[in-house]
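Visitor: Got a sequence here, can you build the structure:
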Amino acid sequence: MSEAVREKAQGVRIRRARQSEAARLSALALASKAVWGYDAQFLERCRAELTVSVDYIASQPAYVAEADGRTAGFYGLSLAGGGASLDYLFVDPQQLRRGLGEALWRHALGVARSLGAGALLIEADPNAEAFYRRMGAQRVGAVASGSIPGRELPLLRCAPLGEQR
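Guide: Have a look, this model is predicted:
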């Protein structure tokens, strides 16, 4: 983690998500997605895809960032075929621009690496693509949105999962 991020993200604790937090994390994902200016109808169509289930938290690596004792962001990974997919990475809108996204990203890379993943795939919101590219991911294609017919999402890949910037 860079010095600037370490300074910005001071006081942040990243820990495993608890099953009891599924509803709170789902709400945070929707609130975070709304930052991009999507209307209520669009967000409703995304609700199922942004819902974090109790089963997901129980079966996948999912982590929460706490700042000042409050949930400030989270991420979740899926592992498959020697690689990992970043299923979620969301920051509370009130916590943006404080280094939490980068802290969560670095943590996710470390967890994926420790679990033997050689690469991390990200189906990103188009508005978040620049963030992931700054973090070292490269665009490798596009995928269809699971929520909005006809919409494509950037597909990014970060590999190898050695030490990043």
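
Visitor: Quick one: mean pLDDT over stretch 29-42.
Guide: Averaging pLDDT along stretch 29-42 yields 94.

Visitor: What is the end-to-end distance of it?
Guide: End-to-end distance for stretch 29-42, by Cα to Cα, to the nearest Å: 14 Å.

Visitor: What of stretch 90-103?
Guide: Terminal-residue distance, stretch 90-103 (Cα to Cα): 12 Å.

Visitor: Buried residues, it. List them.
Guide: By 16 or more other Cβ atoms under 10 Å, the buried positions in stretch 90-103 come out as 90-92, 95, 98-103. For every residue, glycine as well, the C-beta is placed using N, CA and C.

Visitor: Then stretch 11-27?
Guide: Buried, per 16+ other Cβ under 10 Å, within stretch 11-27: 12, 14, 17, 21-22, 25-26.

Visitor: cool, stretch 54-61 as well?
Guide: Within stretch 54-61, judged by 16+ other Cβ under 10 Å, the buried ones are 56-57, 60-61.

Visitor: what do you get for stretch 38-49?
Guide: 38, 43, 46.

Visitor: State the mean pLDDT of stretch 54-67.
Guide: 96.

Visitor: Name the residues that touch that stretch?
Guide: When contacts are defined by Cβ atoms under 8 Å, 6 or more residues apart in numbering, stretch 54-67 is touched by residues 11-19, 21-22, 25, 52, 71-79, 87-88, 91, 95, 98, 100, 103-104, 107-108, 111-112, 115.

Visitor: quick one: which of those sit in helices?
Guide: Judged by DSSP state H, these include 22, 25, 100, 103-104, 107-108, 111-112 as members of helices.

Visitor: Perfect, I'm done here.
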